[in-house]
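Asks: I'll drop the sequence and a predicted model, then ask my questions.
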Amino acid sequence: ILEDNENDREIDDLLTYFQQQLTLCDGTMKLCEPETDSTLVHISALPFEVLMYIFRWVVSCDLDLRALEQLSLVCRGFYICARDPEIWRSACLRVWGRSCTKMLPFSSWREMFLERPRVRFDGVYISKTSYIRQGEESLDGFYRAWHQVEYYRYLRFFPDGQVMMLTTPEDPLVTVPRLRSKNSRMDSIMFGHYRLSQDTDNQTKVYVVVSKRKEEQKVAEYQRSRFCRRNPAPEAERAFHVGLQLSSGGRQRFNKLVWIHHSCHITYRSTGETVVTAFDVDKMYTPLFFARVKSYTAFSERPL
């Protein structure tokens, strides 16, 4: 235990030690130096502000703090830049918004981002459900077939509060690449928003509201009306409300979502009436586990 405490103290003092070492170099703060002589302009020639702007591009609007941590391993100067409080504060504000105006009870913005429960953005949450279904009886009546049905649920979260939800029998190898962008045109994807809530039981809940895009709903309604022209179905908007409990399992943090609520809200446009149908959350609602997808953070579109 004493050795662990000493190691923790060494890590805490590492940032201060590096800062002191850099300050002692010719009386000026030089973040890094070229390892070998070169006629090309080295990155150390850039002003500190420009270098920090590059670091924000590395983090990107997708909040790829994992890449920032890897960048800190390059040299002492990069380690100092990667620990800049403003970068971690900006990341916390993107995740929790106004609810994290104060750093307490954490000692730093970085600690808050790493320790405070949150959904992850560098991959997708996946669950697999299997069940046995009875088939039709054969023509000769001697046997009845049984079918094993398998399907997957996917939840993809984004830092801006948007979310994509998909239920499909297709394998993750086929589906996961299509969930990288919010502009995906894959059939059956539902789009919406989510919010985090920490209830009185100190458990973090994730509340999701998703629906089909309006143009897709109109196409579905038109197709139904073609076959039911005598008694057309009333125009309605459907939204699905989902409640999930966020937890950690194994080595990963915040990698498990357990179902606690699922309902369908149908609002009829003609009357404004909303009909709510709540589904029983049983064993068919298997937990969703997080899977990191490297391609989701392979390139940066905008800085943090």
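Replies: Nice, thanks for sending it over.
Asks: was I right to think residue 257 contacts residue 248?
Replies: No - assessed by C-beta atoms under 8 Å, residue 257 is found out of contact with residue 248, at 11.0 Å. All C-beta spots, glycine's among them, are computed from the backbone N, C-alpha and C.
Asks: comparing those two, which residue is more hemmed in?
Replies: When residue 257 and residue 248 are compared on other C-beta atoms under 10 Å, the one with more neighbours turns out to be residue 257, at 26 against 12.
Asks: now for the more buried one: which residues touch it?
Replies: Applying C-beta atoms under 8 Å, 6 or more residues apart in numbering, one finds that residue 257 lies in contact with 125, 155, 206, 244-247, 287-289.
Asks: show me just the buried residues among these.
Replies: Neighbour counting with 16 or more other C-beta atoms under 10 Å marks 125, 155, 206, 244-246, 288-289 as buried within the contacts of residue 257.
Asks: okay, and which of the residues you listed map to strands?
Replies: Among those, the ones falling in strands (DSSP state E) are 125, 155, 206, 244-246, 288-289.
Asks: buried set for the top strand by length along the chain?
Replies: Longest among the strand segments of the chain by residue count, using DSSP E, is strand 252-268. Of all the residues in strand 252-268, those buried under the rule 16+ other C-beta under 10 Å are 254-259, 261-262, 265.
Asks: what two of those are the furthest from one another?
Replies: 255 and 265 (29.0 Å; C-beta to C-beta).
Asks: please enumerate the helices of this structure.
Replies: 2-23, 48-59, 65-71, 76-82, 85-96, 109-115, 172-175, 214-227 (DSSP state H).
Asks: quick one: neighbours of residue 269, just the number.
Replies: Residues near residue 269, counting by other C-beta under 10 Å: 10.
Asks: name the nearest residue to it, sequence neighbours excluded.
Replies: Closest residue to residue 269 apart from its sequence neighbours, by C-beta to C-beta, 6 or more residues apart in numbering: residue 235 at 4.6 Å.
Asks: thought the one you found was touching residue 270?
Replies: Yes - contact criterion C-beta under 8 Å: residue 235 and residue 270 qualify, at 6.8 Å.
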